[in-house]
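Asks: Test case, fold it:
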Amino acid sequence: MIWRRLWVRSDSTIVNLHHCLQIVMNWADGHLHHFLIRGKRYGVEPSGAFGFRDDASQVRLDRFDFRPKEKFSYSYNYYDDWQLEIRLEARRPLEVKKS
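Replies: Alright, predicted model coming up:
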């Protein structure tokens with residue numbers, strides 16, 4: 001088992017989260033992928049591939065109002081079948097630095 005802890009802003013999109021996962025897992029973003037959130041698939045389809053109902057670059061994470069400990073999945077590289085379980089640990093307020 002491998003785990004990573006990420007701090008992600010709630011106004012990030014599905015596409016932003018995908019790119020963050022690519023970085024922390026040291027992947028090169030060369031394979032198909034999707035998120036499965038509450039039974040619905042989200043992702044970006046390449047030309048000629050299956051489609052997703054929503055534009056993942058417009059779907060923000062705060063839309064889901066995740067509860068602490070809630071989980072969803074991320075599938076990457078369908079051939080090797082990489083499966084990540086993503087769990088919200090906590091929600092924290094955005095700390096704005098005042099000068």
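Asks: Show me the shaky parts of this protein.
Replies: For the chain, the stretches flagged by pLDDT under 70 are 46-50.
Asks: Does the residue sitting nearest the centre point of the chain belong to a helix, a strand or coil?
Replies: What sits nearest the mean C-alpha location of the chain, by CA atoms, centre = their mean, is residue 17, with 4.0 Å. Counting by DSSP: H, G, I helix; E, B strand; the rest coil, the backbone at residue 17 sits in helix.
Asks: and what of residue 20?
Replies: Applying three-state DSSP: residue 20 is helix.
Asks: Spatially, which residue comes closest to the residue nearest to the centre of the chain, not counting chain neighbours?
Replies: residue 8 (6.1 Å; CB to CB, 6 or more residues apart in numbering). C-beta: built from backbone N, CA, C; applies to glycine.
Asks: for the one you found, what are its contacts?
Replies: 16, 17, 20, 61 (CB atoms under 8 Å, 6 or more residues apart in numbering).
Asks: Could you identify the buried members of the residues you listed?
Replies: 16, 17, 61 (16 or more other CB atoms under 10 Å).
Asks: This protein: helices as residue ranges?
Replies: Using DSSP state H, the helices of the chain run over residues 14-24.
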